[in-house]
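1. I'd like to go over a predicted model; first the sequence, then the structure.
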Amino acid sequence: MKKNLFLFLAFSLNSFSQVPQTSVWNYLQQFPNTKAKINTTSTRINLIDSSFSKSWSTSINNWNPTYRIIYDYNSSFKESGSVGASWNGSSWPANSRTIDYTFDGQNNLLTNVEQYWNGSVWVNGSKTINTYDAANNKLSDTHQLWNSVTSGWDNSSKYVRTYDPTNNMLTYTTQTWDSITLAWVSNYMGSFTYDASHNMLISLKQIWNTTTSSWVNDTKLTSTFTNGNQCLTQVGEIWDSSTNSWVNNEKLVNIVYSNNDLTSVERHVWNTTTSSYYPYGKRTGSFDGNHCLLNALNQTWNTMSGAWINSTKDEYSYDDYGNKLNTLNQNWNSSTNSWENFWHLENYYTSFIVVNEETPPQNMTAYPNPFSDVITIGTETDESNYILVDALGQIIMKGQLEGKSVINTSSFKNGFYTINILNETGKVIRCIKLLK
């Protein structure tokens, strides 16, 4: 039986958190970054605060809003909550949220809870519990489901990782909870080997055999690299239990780089009848000067014409800090020989200038950021008015500043705030975003 090996290795394993990238086939397919992006060359931090997805309606020839996610962060710029909502034609009623985030002393996420709206109240859905080693590598994440009968959490699945001394992941094991024996039962295990440059040479997937209580080979991906650490070839094999040997399945060839960016790769599939590989899929992409992927084209091989045929296309845009703003997905219409819109994703960010309380830069008028119990506001003029608003635009406080002023914020809730500095006519001359 043929297995879609590269997609399995790239997506099945990577669908869980913190699994090493296994196939370059996945490199030209980007997904929105929903984590804090830190510009290491400055003190600017950019956080995604909301994401909107849309689907294309052929009936109205326009985009239809479908889903929205709004994110919250703590004072360490770690995601601390999110709320999902579906568009009902006129508003965004919330239907899911993630709450109860806890962190360790290194700001590693320990727990969070996902809930859904049942029409009247929020109901627990699932819970995640993470553990880490001294190097902050995630060792395990345990997933539990809410039991409405017992009003407690029941174990469901677990993912366990091991690492070498240089923090390369060595194994990744998936387990499920047996409610009869009250024990974890192994399902799959990924094993990884690397070269001295930390390039992954072999990715091996095995399945747990409950009869023999041992691991059985399933799929294997073998990679080669150039001296410049660029992937040269990748060969996928499947285990033949009848001959106890590996047999060819798929391979990635014609891997092309430009300016250290992967710009083209072909996927070829093994034909057992002819004992040879034949073209199957191709991905090409282009990048900007900051190595951000601008577009990615997916094509399939047409055996009748002996040519590559368009399939899907993704286009991306970014802000000046490399944050992904838009993702446009289109499908190829072979009847009209044109691209048709399918879905669209928009991301919005909030930027922060992290300010040291002892040494605020001269061009800043509010510090520290993030803040806790107080904010110190300094102005370049003798007198200025200010308005402090929350993330919803509600005025929390307003007043007059003279030189440096200290505002007590101990009663403020965690979240985003904006200080608007006004001139003598009431015009906003400075807008500063802050986070508690």
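-> Nice, thanks for sending it over.

2. please point out which parts of stretch 401-414 sit buried.
-> Of the residues in stretch 401-414, Leu401, Ser405, Ile407, Thr409, Phe412 count as buried by neighbour count, 16 or more other Cβ atoms under 10 Å. In short, each C-beta sits where N, CA and C put it, glycine included.

3. which SSE is the third one in?
-> With the criterion set as DSSP states H and E, the secondary-structure element containing Ile407 is strand 395-408.

4. tell me the mean pLDDT over the helix or strand that that strand is followed by?
-> Tracing the chain past strand 395-408, the next element assigned as helix or strand by DSSP H and E is strand 416-422. Rounded to a whole number, the mean pLDDT of strand 416-422 is 77.

5. what helices or strands is strand 416-422 leaning on?
-> Packing partners of strand 416-422 (3 or more Cβ pairs under 8 Å, 6 or more residues apart in numbering; DSSP states H and E): strand 374-390, strand 428-435.

6. what angle do the strand holding Ile407 and strand 416-422 make?
-> In terms of direction (axes from the mean of the first three to the mean of the last three Cα atoms, to 10 degrees), strand 395-408 departs from strand 416-422 by 90 degrees.

7. tell me the strands beside strand 395-408, with direction?
-> Strand pairing for strand 395-408, determined by DSSP bridges: strand 374-390 (antiparallel).

8. for the record, mean pLDDT for the strand it pairs with?
-> Mean pLDDT, strand 374-390: 74.

9. buried residues in that strand?
-> Quick answer for strand 374-390 (16+ other Cβ under 10 Å): Ile375, Thr376, Ile377, Thr379, Ser384, Tyr386, Ile387, Leu388, Val389, Asp390.

10. need the residues you listed in CSV (columns: distance to Ser59).
-> Formatted as CSV, the buried residues of strand 374-390 follow (distance: Cβ to Cβ, whole Å):
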residue, distance to Ser59
Ile375, 51
Thr376, 55
Ile377, 52
Thr379, 54
Ser384, 53
Tyr386, 49
Ile387, 44
Leu388, 45
Val389, 40
Asp390, 39
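
11. is it true that Ile395 touches Val389?
-> Yes: checked against Cβ atoms under 8 Å, the pair Ile395 and Val389 is within contact range at 5.5 Å.

12. distance of Asp288 from Tyr348?
-> Between Asp288 and Tyr348 the computed distance is 20 Å (Cβ to Cβ, to the nearest Å).

13. hey, what's the closest residue to Tyr278 other than its chain neighbours bridged with?
-> Spatial nearest neighbour of Tyr278, excluding adjacent residues (Cβ to Cβ, 6 or more residues apart in numbering): Asn271 at 5.5 Å. Judged by DSSP bridges, the bridge partners of Asn271 are Ser276.

14. would you check that Asn271 makes contact with Thr303?
-> No: under the criterion of Cβ under 8 Å, Asn271 is not in contact with Thr303, lying 10.9 Å apart.

15. quick one: common contacting residues for the two?
-> Jointly contacting Asn271 and Thr303 under the rule Cβ atoms under 8 Å, 6 or more residues apart in numbering are Tyr278.

16. got a list of what Pro279 touches?
-> Glu266, Arg267, His268, Trp301, Trp308.

17. my read: Asn302 touches Ile309, true?
-> Yes: using Cβ under 8 Å, Asn302 is in contact with Ile309, at 4.7 Å.

18. show me where pLDDT drops low in the chain?
-> For the chain, the stretches with pLDDT under 70 are 1-25, 27-44, 351-365, 379-383, 391-393, 425-431.

19. doesn't Gly89 belong to a strand?
-> No: under DSSP: H, G, I helix; E, B strand; the rest coil, Gly89 falls outside any strand and is assigned coil.

20. burial of it, as a residue count?
-> Using other Cβ atoms under 10 Å, Gly89 has 6 other residues around it.

21. swap in Asp104?
-> Neighbour tally, Asp104, other Cβ under 10 Å: 12.

22. from Leu139, how far off is it?
-> When Asp104 is compared with Leu139 (using Cβ to Cβ), they lie 12 Å apart.

23. overlap of the contact sets of those two?
-> Listed as contacting both Asp104 and Leu139 by Cβ under 8 Å, 6+ apart are Tyr132.

24. hey, what's the nearest residue to Ser245 once chain neighbours are set aside bridged with?
-> Leaving aside its sequence neighbours, Ser245 sits nearest to Trp239 (Cβ to Cβ, 6+ apart; 7.8 Å). Judged by DSSP bridges, the bridge partners of Trp239 are Trp246.

25. check contacts around Trp239.
-> Contacts for Trp239 (Cβ under 8 Å, 6+ apart) come out as Val216, Asn217, Asp218, Thr219, Lys220, Ser245, Trp246, Val247.

26. which SSE is the fourth one in?
-> Thr219 belongs to strand 214-225 when elements are defined using DSSP H and E.

27. mind listing what's buried in that strand?
-> For strand 214-225, by 16+ other Cβ under 10 Å, it's Trp215, Asn217, Asp218, Thr219, Lys220, Leu221, Thr222, Ser223.

28. report the separation between the first one and Met397.
-> In this view, Trp215 and Met397 are 62 Å apart by Cβ to Cβ.

29. ramachandran coordinates for the spatially closest residue to Leu204 that is not a sequence neighbour?
-> Nearest non-adjacent residue to Leu204, counting by Cβ to Cβ, 6+ apart: Ser191, 4.5 Å away. Main-chain dihedrals, Ser191, degrees, to the nearest 10: phi -120, psi 140.

30. list the beta-bridge partners for Ser191.
-> For Ser191, the beta-bridge partners are Thr171, Leu204 (DSSP bridges).

31. in the stretch 51-200 of the chain, which spans are strands?
-> 62-73, 79-86, 94-103, 109-117, 122-132, 138-147, 152-163, 169-178, 183-194, 200-209 (DSSP state E, counting those that start in this stretch).

32. can you tell me which of those strands comes nearest to Ala366?
-> strand 62-73 (17.7 Å; Cβ to Cβ).

33. which residues touch that closest one?
-> 34, 36, 47-57, 79-87, 92, 341, 343-344, 414-415, 435.
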